[in-house]
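*Asks:* predicted coordinates and the sequence they were generated for:
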Amino acid sequence: MDDFLRKLPKCEHHIHLEGALTPELLFKLAKKNHVQLPPTDPAFANPETLKARYKAFTCLDDFLAYYYVGMSALLDATDFEALAWDYFQHAAADGVAHAECFFDPQAHISRGVTYDIVLQGFEAARQRAQAELGISSELICCFLRHLPPSDCLDTIRNPAVQASMTAGQVIGIGLDSSEKDFPPQLFTEVYDEARALGQNLTAHAGEEGPPSYISSALDDLKVSRIDHGIRLIEDSALLKQIADQGTLLTLCPLSNVYLKCVTSVSELPIRAFLNAGVRFSINSDDPAYFGDNYLLDNYLAVQEAFQLTAQEWVGICEAGIKGSWCAEERKEELL
Ligand code: ADE
Ligand code: ZN
């Protein structure tokens, strides 16, 4: 089964490129760029102490504090290229055929790194991944929900952001960062503007937040995918609605364990989702922060917990291809 899962052509829809920043690359870039890592936090003594700290995340916000410090080492286009290339190499080893990658422009723009620098680095890595590894990819621009909606609006109105969307370099938007107390409806205007630009729409909802955040993402933001959505299991009417609509959930099993949303993968409602006909894909979220577990590790963890049949895995991968936002011809190649 392990070999079968490795060879299955997989789509990844929920990978934050900044979440692929390994402690090794973080320390290397911090040294190159003369960025000082927090001197009062002993976790930043060396890559090994940092990895040990990552094993003890208590919740999403505890992780996010480290995630944002990590980003501070990314300054020029070659840094972003190295980061994304690192991810694509892991993806190739895991049998990823197509990846739709999140990135967080506000976290870079606020540090004086322009959107064009970020995009230039990611574009170079994406082109190399296509040419050398045969991996197709897309970019999804995420908005940080812990920031004021006005900051998100300024970002989507940034001419460089708009140009990337009209040129098709960025094909969708997402909503991420701290979830509790930041309901999707706060960002309705941002999503209205993205929709007018022809963007695909998704949002993190129901990771730590309640099922009402999933409803708000669907009704107020009009998303066609939900990132995580595990708390959907608490609302049977909403579960049926999502199954009937065919909305794709992008599940991240090992992330949920590392961030203490569940105590083990077996606690996730994967069997219930399959039984109810809820479509989902399996994803890695922030692999460098969650025990170096990339996509295949997540597939294997689900297999260990649920003993799915080969037919069930083929169905999961097909739902992922159909729920992808790439060109129809690429979907046909993958099916
Ligand atoms: N940003 C990176 N990973 C995230 C996650 N799992 N939830 C919310 N925001 C994130
Ligand atoms: Zn995520």
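*Replies:* Looks like it came in fine. Numbers count the residues shown, from 1 in each chain. Ligands and ions are numbered 1, 2, ... in the order given.

*Asks:* what number of residues lie near the nearest residue to W325 once chain neighbours are set aside?
*Replies:* Closest residue to W325 apart from its sequence neighbours, by CB to CB, 6 or more residues apart in numbering: N200 at 4.6 Å. Any C-beta I mention is one placed from the backbone N, CA and C, and that applies to glycine too. Using other CB atoms under 10 Å, N200 has 19 neighbouring residues.

*Asks:* need phi/psi at G168.
*Replies:* phi 80, psi 10 (degrees, to the nearest 10).

*Asks:* confidence score at it?
*Replies:* Reported pLDDT at G168 in the predicted model: 97.

*Asks:* can you give me the strands in this protein?
*Replies:* For the chain, strands defined by DSSP state E occupy the ranges 10-16, 96-103, 136-144, 172-176, 200-205, 225-228, 248-251, 280-282.

*Asks:* make CSV out of those strands and add mean pLDDT and distance to ligand 1.
*Replies:* Output for the strands of the chain, formatted as CSV (pLDDT from 0 to 100; distance: least, CB to the nearest ligand atom, whole Å):
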stretch, mean pLDDT, distance to ligand 1
strand 10-16, 98, 4
strand 96-103, 98, 7
strand 136-144, 98, 7
strand 172-176, 98, 3
strand 200-205, 98, 5
strand 225-228, 98, 7
strand 248-251, 98, 10
strand 280-282, 98, 14
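
*Asks:* dump those strands to TSV, plus distance to F44.
*Replies:* Shown next, in TSV, are the strands of the chain (distance: least, CB to CB, whole Å):
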stretch	distance to F44
strand 10-16	21
strand 96-103	23
strand 136-144	23
strand 172-176	24
strand 200-205	27
strand 225-228	28
strand 248-251	31
strand 280-282	32
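
*Asks:* of those strands, which is nearest H34?
*Replies:* With CB to CB as the criterion, H34 lies closest to strand 96-103 of the strands of the chain, at 23.6 Å.

*Asks:* and stretch 98-115, how far out from the chain middle?
*Replies:* Between the centre of stretch 98-115 and the centre of its chain there are 12 Å (CA atoms, centre = their mean, to the nearest Å).

*Asks:* equivalent analysis for stretch 52-59, please.
*Replies:* 19 Å.

*Asks:* may I see the buried residues of it?
*Replies:* Going by neighbour count (16 or more other CB atoms under 10 Å), the buried part of stretch 52-59 is R53, Y54, F57.

*Asks:* which one of the residues you listed is nearest to T114?
*Replies:* Closest to T114, out of all of the buried residues of stretch 52-59 and judged by CB to CB, is Y54, at 29.2 Å.

*Asks:* and the pLDDT for that closest one?
*Replies:* Note on Y54: pLDDT of 98.

*Asks:* tell me the phi and psi of the residue lying farthest from the centre of the chain?
*Replies:* Most distant residue from the mean C-alpha position of the chain: T40, 29.7 Å away (CA atoms, centre = their mean). Note on T40: backbone dihedrals following degrees, to the nearest 10 are phi -90, psi -10.
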